[in-house]
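Trainee: Predicted model and sequence follow; I will ask about them next.
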Amino acid sequence: MNNKYELIYEGKAKKVFSHEDLDKVFIEFKDDATAFNALKKAKFEGKGKLNCLISASIFKLLEKNKIPTHFLELKNEHTMIAQRIDVIPLEIVLRNIAYGSLCKQTTINSGTILKKPLIDIYLKNDELNDPLITKDRIELMNILSSSDLDLIINLTLKINLILKSFFKKIQLQLVDFKLEFGYDANNEILLGDEISPDNCRLWDLSQKNDTIVSLDKDIFRNDLGGLIEAYSEINRRINNSI
């Protein structure tokens, strides 16, 4: 970004810069990949661009379906312009199929299709390793009101229905995903962060056998190789469907 813009925040995969309009920000997507709370790190040329383009397409889809998001427009292929939000320090994880940490923490078998979506909420705090948190603890810590938490949960369930249907059309199974929300200048809750293979677990439904083929960050987590090819395939399918 141009030096005239102030770096407001730098996370594992994105940088947030100031904008001429104080109610907006520039979000620049990085090529960095991290896993296991940043214990594993690497760079993949083109990853930031792909995540930015995929996120922009998904945000537009959600906006069309009456989901309020922080996305405004693309500045270029690796930077989006978004509403400035005060991020709520919670990560909302919705699971349609049991996989990953859920199976390590419970007796549920990996690959089990859940009878209804499971929502897990984590405190967004790297020092504490983003612990699973209860509604009562959220209230105790005064993070947000119970009515706002209910609103976020309802939005997450709606987003799941929209994304599941959309991804199924492009031969992808939405296993689980992570969302973040925040308050805009009018104290309205908006979906923030990104929607990409970095925070969605997506399996390829075009496979002819029962083998799980991940087209998401599990490729990096599990050293499967071909991350850019997988993200490019998701971007291609999205572009072909819109």
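Mentor: Done, it's in.

Trainee: quick one: buried residues of the longest strand anywhere in the chain?
Mentor: For the chain, the strand with the greatest residue count under DSSP state E is strand 113-123. Buried residues in strand 113-123, defined by neighbour count with 16 or more other Cβ atoms under 10 Å: 120-123. (Glycine included, C-beta is placed from N, CA and C.)

Trainee: And stretch 214-234, by the same measure?
Mentor: 214-220, 227-228, 230-234.

Trainee: Would you state the strands of this structure in chain order?
Mentor: Taking DSSP E as the criterion, the chain contains strands spanning 7-10, 14-18, 24-29, 32-35, 40-43, 71-76, 79-83, 86-87, 90-97, 113-123, 172-179, 181-183, 189-191, 200-204.

Trainee: Take these and write them to CSV, including distance to residue 63 and mean pLDDT.
Mentor: Listed next are those as CSV, based on distance: least, Cβ to Cβ, whole Å; pLDDT from 0 to 100:
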stretch, distance to residue 63, mean pLDDT
strand 7-10, 23, 94
strand 14-18, 20, 96
strand 24-29, 16, 98
strand 32-35, 27, 92
strand 40-43, 31, 93
strand 71-76, 7, 98
strand 79-83, 12, 98
strand 86-87, 19, 97
strand 90-97, 19, 98
strand 113-123, 22, 97
strand 172-179, 15, 98
strand 181-183, 15, 98
strand 189-191, 9, 98
strand 200-204, 18, 97
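
Trainee: Which among those strands is found nearest to residue 163?
Mentor: Smallest distance to residue 163 across the strands of the chain (Cβ to Cβ): 5.4 Å, for strand 172-179.

Trainee: Report all helices and strands that the closest one contacts.
Mentor: strand 90-97, helix 146-169, strand 200-204 (3 or more Cβ pairs under 8 Å, 6 or more residues apart in numbering; DSSP states H and E).

Trainee: out of these, nearest to residue 49?
Mentor: strand 200-204 (17.4 Å).

Trainee: that older thread, okay, the strands of the chain in CSV with distance to residue 105 next?
Mentor: Putting the strands of the chain into CSV (distance: least, Cβ to Cβ, whole Å) gives the following:
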stretch, distance to residue 105
strand 7-10, 30
strand 14-18, 28
strand 24-29, 30
strand 32-35, 18
strand 40-43, 20
strand 71-76, 33
strand 79-83, 33
strand 86-87, 26
strand 90-97, 12
strand 113-123, 9
strand 172-179, 14
strand 181-183, 24
strand 189-191, 26
strand 200-204, 16
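
Trainee: right, so of those, which gets closest to residue 49?
Mentor: The nearest among those, by Cβ to Cβ, is strand 24-29 at 7.0 Å.

Trainee: Give me the sheet partners of that closest one and which way each runs.
Mentor: strand 14-18 (antiparallel), strand 79-83 (antiparallel) (DSSP bridges).

Trainee: All set, thanks.
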